[in-house]
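*Asks:* just need the structure, nothing else, for what follows:
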Amino acid sequence: MTRRASKKGRWRRWVKLAFASIFGIIFVAAAAGLVYALYPRTMPQTQTIEARLQPAELDRLRQVSDFDEIADPAARSVALFEEAGRVIEHPRCMNCHPRTDRPTQTEAMRPHTPWVTRGADGGGAPTLRCSTCHQTENFEASGVPGNAKWRLAPIEMAWQGKTLGDICRQLLDPARSHMTREELLHHMAQDELVGWAWHPGANRKPAPGTQETFGSLIKAWLDTGAACPR
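*Replies:* Numbering: from 1, shown residues only. I've put the predicted structure just below:
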């Protein structure tokens, strides 16, 4: 009886010792972790985040003088507009002239994500305005483009799916363009939202040339009779 009690006592002492050892290890590990977490370190310095891609080099637009050799005024006018059409038909412009009430985006002109709609004034629906995401300038951190006038062109000025000749005749029709020829020239040559196409930010490819060259082509086209391609 005494031997059995002695064995039972030793077993209990062994269990207590084992538990004490386990708790001791846990305590030491926790203390070491706390010391490591609280140990002072040199904080990382703020660094500029590099752009994923460098802006693409601008494609050159031909100058108005390059068309001086075309003697026929109508043919020269058409040639001038076809050169300007390289900007008009570029995704930077086409994305804002969709055939539906939903804008497109990227070089592939895919439907805008998230789903947004034109709205009564071209600036989006009352519950989701364009200005909710598109601020007064490009937001490089997220890649969201911006301009204070960000909106879609009127549905009467939808360009996607149309030939350059159809777009030309559309521009000259005040009922659809909502502009006189003088206003059209100002819009193309000086409007800051149109000018965004040459400064799109992030890794977007800008429209060809510059707004100044584009404007001079439009002016020369108007001055030579505003003839349209077929």
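*Asks:* any weak-confidence spans in the protein?
*Replies:* Within the chain, the ranges that satisfy pLDDT under 70 run 1-21, 23-24, 27-58.
*Asks:* mind listing the strands for it?
*Replies:* 104-105, 110-111, 124-125, 128-129 (DSSP state E).
*Asks:* quick one: which of the ones you listed is nearest residue 138?
*Replies:* In terms of C-beta to C-beta, the element of those nearest to residue 138 is strand 104-105, at 13.9 Å. All C-beta spots, glycine's among them, are computed from the backbone N, C-alpha and C.
*Asks:* need the strands of the chain in a markdown table (columns: distance to residue 160 and mean neighbour count).
*Replies:* As requested, the strands of the chain are arranged in a markdown table below (distance: least, C-beta to C-beta, whole Å; neighbours: other C-beta atoms under 10 Å):
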| stretch | distance to residue 160 | mean neighbour count |
| --- | --- | --- |
| strand 104-105 | 7 | 17 |
| strand 110-111 | 11 | 11 |
| strand 124-125 | 19 | 18 |
| strand 128-129 | 22 | 15 |
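*Asks:* turn those into a markdown table, columns for distance to residue 169.
*Replies:* A markdown table is the format used below for the strands of the chain (distance: least, C-beta to C-beta, whole Å):
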| stretch | distance to residue 169 |
| --- | --- |
| strand 104-105 | 23 |
| strand 110-111 | 27 |
| strand 124-125 | 29 |
| strand 128-129 | 32 |
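*Asks:* so which of those strands is nearest residue 158?
*Replies:* Comparison of these against residue 158 by C-beta to C-beta identifies strand 104-105 as nearest, at 11.3 Å.
*Asks:* pull up the pairing partners for the closest one, direction included.
*Replies:* strand 110-111 (antiparallel) (DSSP bridges).
*Asks:* identify whichever of the strands of the chain lies nearest to residue 200.
*Replies:* Of all these, strand 104-105 sits nearest to residue 200, with 11.0 Å by C-beta to C-beta.
*Asks:* just checking the distance from the closest one to the centre of its chain.
*Replies:* 9 Å (C-alpha atoms, centre = their mean, to the nearest Å).
*Asks:* what sits up against it?
*Replies:* With contact meaning C-beta atoms under 8 Å, 6 or more residues apart in numbering, strand 104-105 is reached by 91, 94-95, 98, 110-113, 160.
*Asks:* 6 Å instead, please
*Replies:* Applying C-beta atoms under 6 Å, 6 or more residues apart in numbering, the contact partners of strand 104-105 are 95, 98, 111-112.
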